[in-house]
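Participant: Got a predicted structure here, sequence first:
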Amino acid sequence: MRLKDAKELAEDMENQLRGMETRALQESQEYEKLQQESEKQQREVWSLVQYQQARRLSFRNTRLQLETTLSSKEKGLHQIQGLLKNHEDRLKTEEQKSQELYEHVALITTERDELQSVLKSEISKLEDDLDDAKSKQNEVKQTFTKSSKSSQNVCESTRAGIT
């Protein structure tokens, strides 16, 4: 009866071990997927930031051209000042958007770092559980081997006593 229980326990431990290995692999794959998605989002955000910087430079160049035209021509002064004001408002709006994008990048980076930390911790726990399961499996195998040898010795002693 003990031998059968030991075998069942060994099989259960092996099944648990396989399940832990599968979970570790799945979590590792999910981690990689999250990492790739995070990197993709980061590239998109940086692309938008570069676009905003180009737009800001464009607005600044436009403003310089308008100021030069303003100094050389007195007619249309009010129209040119209106255009400048519009461009400055747009520049402020673009700068606010750019600041929001920088904050968004910082938030994404922080979330990614937290996720990486949690995933590393979970993977470490799973690896520890896996090591514990392997150790227990070895103990069960050793107990099974000792029990088997002991049963064999009893059988041989009984056989020797019968003959």
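Facilitator: Nice, I can see it.
Participant: can you give me the helices for this structure?
Facilitator: 2-72, 77-162 (DSSP state H).
Participant: List the contacts of the closest residue to residue 48 other than its chain neighbours.
Facilitator: Leaving aside its chain neighbours, residue 48 sits nearest to residue 101 (5.7 Å; criterion: CB to CB, 6 or more residues apart in numbering). C-beta: built from backbone N, CA, C; applies to glycine. With contacts taken as CB atoms under 8 Å, 6 or more residues apart in numbering, residue 101 has the following neighbours: 45, 48, 49, 52.
Participant: give me the low-pLDDT residue ranges for the chain?
Facilitator: Counting by pLDDT under 70, the ranges of the chain that qualify are 1, 70, 74-77, 80, 154, 161-163.
Participant: 50 instead, please
Facilitator: Applying pLDDT under 50 to the chain flags no residue at all.
Participant: Pull the number of nearby residues for residue 140.
Facilitator: 20 (other CB atoms under 10 Å).
Participant: thought it was touching residue 10?
Facilitator: Yes. Between residue 140 and residue 10 there is a contact under CB atoms under 8 Å: 4.9 Å.
Participant: quick one, what contacts the spatially closest residue to residue 112 that is not a sequence neighbour?
Facilitator: Once flanking residues are discounted, residue 112 sits nearest to residue 38: 4.5 Å by CB to CB, 6+ apart. Residues near residue 38 by CB under 8 Å, 6+ apart: 108, 112, 115.
Participant: From the residues you listed, keep the buried residues only.
Facilitator: Those of the contacts of residue 38 that meet the buried threshold are residue 112, by 16 or more other CB atoms under 10 Å.
Participant: Closest one to residue 153 out of the contacts of residue 38, please.
Facilitator: Comparing the contacts of residue 38 against residue 153 with CB to CB picks out residue 115 as the nearest, at 56.5 Å.
Participant: And the closest residue to that closest one other than its chain neighbours, how close does it get to residue 28?
Facilitator: Of all residues not flanking residue 115 in the chain, residue 34 sits nearest, at 6.0 Å (CB to CB, 6+ apart). From residue 34 over to residue 28 the distance is 11 Å, taken as CB to CB, to the nearest Å.
Participant: what do you get for residue 92?
Facilitator: Distance from residue 92 to residue 28, by CB to CB: 46 Å.
Participant: Show me which of these two is the more surrounded one.
Facilitator: Per other CB under 10 Å, whichever of residue 92 and residue 28 has more neighbours is residue 28, with 14 against 11.
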